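Peer 1: Okay, here's the prediction I keep looking at, along with the sequence it came from:
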Amino acid sequence: MPKVPVYNVNKEQVGEVELDERLFAAPVRPDLMHQVVRMYLAGQRQGTHDTKGRSEVRGGGRKPWRQKGTGRARQGSTRSPQWKGGGVVFGPTPRSHKFSVPRKVRRAALYSALSSKVDDGRVVVLDKLDLPEAKTKHVAALLKRFELGKALIVDAEVVEAASRSARNLQGIKYVAANGVNVYDLLRYETLVLTQDAIAKVQEVFA
């Protein structure tokens, strides 16, 4: 099982923790992670794009000129697609972009993303995330102490003080352990976990 050091908020090592090898030492599968990220992003799309077809455009009920004798091409409506202001042919209509991949693939992709963070040495484990008050400066100081840039901070449960402290920092996301997903793991450079969050992740996803 992979072992990683445990630090307190002052960056003092206070021990080590063993990680479940099923989650944190799994084969890294970029193909599966790609599928799951595509699924996640497709689910975020609103799908409200819309254009009007010739039956939906206002006006154009009257034939613009008679069928024969004018020398011009025959026309039935000024709202035909070839006219300015006419309807759109095969334009987008509101729809859902969602699709799903098998549950086993989603789990394997999550294990791959977690394992890749361990392989790259981009996992920081804290004994606990205790903040004296809900102030952005406390999380900013923590990140500076550990020399972290973009980071995903995972706690066992969302703590209001920590959530309010982290939400105004650019490139930082604070989530509960059961909200961890492949997209966020790949998007943020470093994964910051509390010891309780590790136990919760292993309980929920193992």
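Peer 2: Cool, got the structure.
Peer 1: ok, and the closest non-adjacent residue to residue 56?
Peer 2: Spatial nearest neighbour of residue 56, excluding adjacent residues (CB to CB, 6 or more residues apart in numbering): residue 87 at 6.7 Å. C-beta here means a position set from N, CA and C on the backbone, and glycine is covered the same way.
Peer 1: where do the helices sit along the protein?
Peer 2: Using DSSP state H, the helices found in the chain span residues 21-24, 30-44, 103-119, 136-145, 160-166, 182-187, 195-205.
Peer 1: wait, which of those helices is closest to residue 61?
Peer 2: Shortest distance between residue 61 and the helices of the chain, using CB to CB, is found for helix 30-44: 39.6 Å.
Peer 1: coming back round to it: give me every residue that touches the residue nearest to residue 56.
Peer 2: By CB atoms under 8 Å, 6 or more residues apart in numbering, the contact set of residue 87 is 52, 53, 54, 55, 56, 57, 79, 80, 81.
Peer 1: and the helices of the chain as CSV, adding distance to residue 153?
Peer 2: Below are the helices of the chain laid out as CSV (distance: least, CB to CB, whole Å):
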stretch, distance to residue 153
helix 21-24, 17
helix 30-44, 19
helix 103-119, 13
helix 136-145, 8
helix 160-166, 6
helix 182-187, 11
helix 195-205, 9
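Peer 1: Nearest to residue 75 among these would be which one?
Peer 2: Across the helices of the chain, residue 75 has its closest neighbour in helix 30-44 (40.9 Å, CB to CB).
Peer 1: Contacts made by stretch 60-70 with the rest, please.
Peer 2: Counting by CB under 8 Å, 6+ apart, 54, 72, 74, 75, 76, 77, 78, 79, 80, 83, 86 sit against stretch 60-70.
Peer 1: Look up how far residue 159 lies from the spatially most central residue of the chain.
Peer 2: The chain has residue 183 as the residue nearest its centroid, 4.5 Å off, counting by CA atoms, centre = their mean. In this view, residue 183 and residue 159 are 23 Å apart by CB to CB, to the nearest Å.
Peer 1: And residue 33, by the same measure?
Peer 2: Counting by CB to CB - residue 33 and residue 159 are separated by 29 Å.
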